[in-house]
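Undergrad: show me the folded form of this:
(3 chains)
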Amino acid sequence: MKFFPLPKSSLLKKSRDYKRVYQQGKRLQGRNYSIILTPNNVDTNRLGISIHGQVKGAVRRNRTKRIIREFYRLNQTFPQKGICSGTVENCSEDDLPKMDIIFTVRKGFDLKNPIEITQSVEDLFKKNDLFKSFFKSD
RNA sequence: UGGAGCGGGCGCAUGAUCGCUCCGAUUCAAAUCGGAGAGGAAAGUCCGGACACCACAGGGCAGGGUGGUUCGUAACGCGAACCGGGGGCAACCCCGGGAAAGUGCCACAGAAAAUAUACCGCCCGCCUCAGGCGGGUAAGGGUGAAAAGGCGAGGUAAGAGCUCACCGCUUUCAUGAUGACAUGAAAGGCAUGGUAAACCCCACCAGGUGCAAGACCAAAUAGGGAAACGUUUGAGGACUGCCCGUCCAAUGUUUCCGGGUAGGUUGCAGGAGGUGCCGGGCGACCGGUGUCCCAGAUAAAUGAUCAUGGUUCGCUUUCGGCGAAUACAGAAUCCGGCUUACAGCUCGCUCCAUUUU
RNA sequence: CGGGACGUAGCGCAGUCUGGUAGCGCACCUGAAUGGGGUUCAGGGGGUCGGAAGUUCAAAUCUUCUCGUCCCGA
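TA: Alright, predicted model coming up:
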């Protein structure tokens, strides 16, 4: 069994970090959720989770957050992996920069375990060629 | 056996693997090991306190809250017991100051909605063809949510507390109770419609703001104060009329000081604490003693996966098998209440009906 | 964490303080006017007053609880 620790340094903490990602990041729209990505200058990926207040009930919000975090714990390099899976070009996961990720959830989100989220996110990356938009635009 | 009332409890369990937060130990550190990790409502934020800061000579008004009595409590709008009224066959449940201090309101209907009054009536008198006029009366009809004590007898032209008995009401007295109040007696002779979750009156209560309170440490940037050393001037002021010089001023550098933002630390987990036993009390609760330490996050920890087993439902139906479901809901300074939400399981006491003995 | 406001016809709002009749504009329907449409005029329909209890003879209105939406302060 492999170890997948998730310390707090792998989470976004500050309001200005969130603002930077919202302003500079690339957005992927899923079903009642979206993922925002931007490269950072730290040597790890960092995750932030934002759940809309219309998701009623603190229990439901907390549970959604924990499931997303569990998904991230098991797939900490999913942005790099996803970008490579979405392009036809030559791509190595280790050459890509580390990312800041924000996972935003809206009303109607109904994925109930990490496996469903993994499948949904993989499908999402395959539909979008992020490699091009990040590194070929200039 | 069925129905009902009241008061409690539990609210999935066990194991494995991978994670998260805090505490303790080892340790330079990294890390390792050990321990702990959501609720009965953590919720709504409706009350009350603790704690903190601010304000404050004393008193009052306005505005707000509470509302039978006596206890309990740190305190309460909470709880207990009792009192009175109402509902229920019953267990039991619900309600609670003042309407004979004052003001307002009571639609429509109705003669009249509180100063009393008279539509249909009843009775008497006069005029008189039907009927009309004047007076007496409020028992009956009618209206309305509500109609001026109820009911019976006497009384009367017809009636009326006009008189009387009983009930109710008011006042006074006596007895009992800490008290709400209860019981009894006498007198009055009907005066007192409802509404205070209308204004109001009476009694009692209360400074304000809230842990993002408050305390401490403290970048960057801008600006403030002080000191030292320089610089500039045919722009200014003072010593002095002029020059030099000095001081102020302007400006630069350095150092120091104070406030203080981001950020960090603390407040922040031993408490009106839980629980066993003993004692006091009808009870709420209180006292003594033993024992336990029981979440502490901050873009905010308490999770994921798998296995086995409960419980409930559906299908199948011989054991059994398969599938589904497993409530309401997540700590944010803490505590005492209230209110609201809640799948299902379960315990105790009591009442009613039926059956058997 | 603390404070405040709102919910009434399909839509936007009065009425709530001071309890008895729910009203206005737009929209909708019918008719008139026009060759037809628009404008205009006349008439009409449509509301569990967010929900539940309570006070009262009577509640959109008063009281309590509750649901939803929005806003403000830190």
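
Undergrad: make sure residue A:47 is indeed in a strand.
TA: Yes - the assignment for residue A:47 is a strand, going by DSSP: H, G, I helix; E, B strand; the rest coil.

Undergrad: for it, list each beta-bridge partner.
TA: residue A:11, residue A:101 (DSSP bridges).

Undergrad: that one touches residue A:104, doesn't it?
TA: No - using CB atoms under 8 Å, residue A:47 is not in contact with residue A:104; the gap is 11.7 Å. Where you see a C-beta, it was placed from the backbone N, CA and C, and this is true even at glycine.

Undergrad: more neighbours: which of the two?
TA: Each of residue A:47 and residue A:104 has its neighbours counted (other CB atoms under 10 Å); residue A:47 has more, 22 against 18.

Undergrad: distance check, the more buried one against RNA strand B.
TA: For residue A:47, the distance to RNA strand B equals 9 Å [CB to the nearest atom of the strand, to the nearest Å].

Undergrad: next up, the contacts around that residue.
TA: The neighbours of residue A:47, taking CB atoms under 8 Å, 6 or more residues apart in numbering as the test, are A:10-12, A:69, A:72, A:101-103.

Undergrad: dump those residues to CSV, plus neighbour count, pLDDT and distance to RNA strand B.
TA: Formatted as CSV, the contacts of residue A:47 follow (neighbours: other CB atoms under 10 Å; pLDDT from 0 to 100; distance: CB to the nearest atom of the strand, whole Å):
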residue, neighbour count, pLDDT, distance to RNA strand B
A:10, 16, 80, 9
A:11, 14, 82, 4
A:12, 18, 82, 5
A:69, 17, 88, 7
A:72, 23, 88, 10
A:101, 21, 88, 12
A:102, 21, 88, 8
A:103, 22, 88, 11
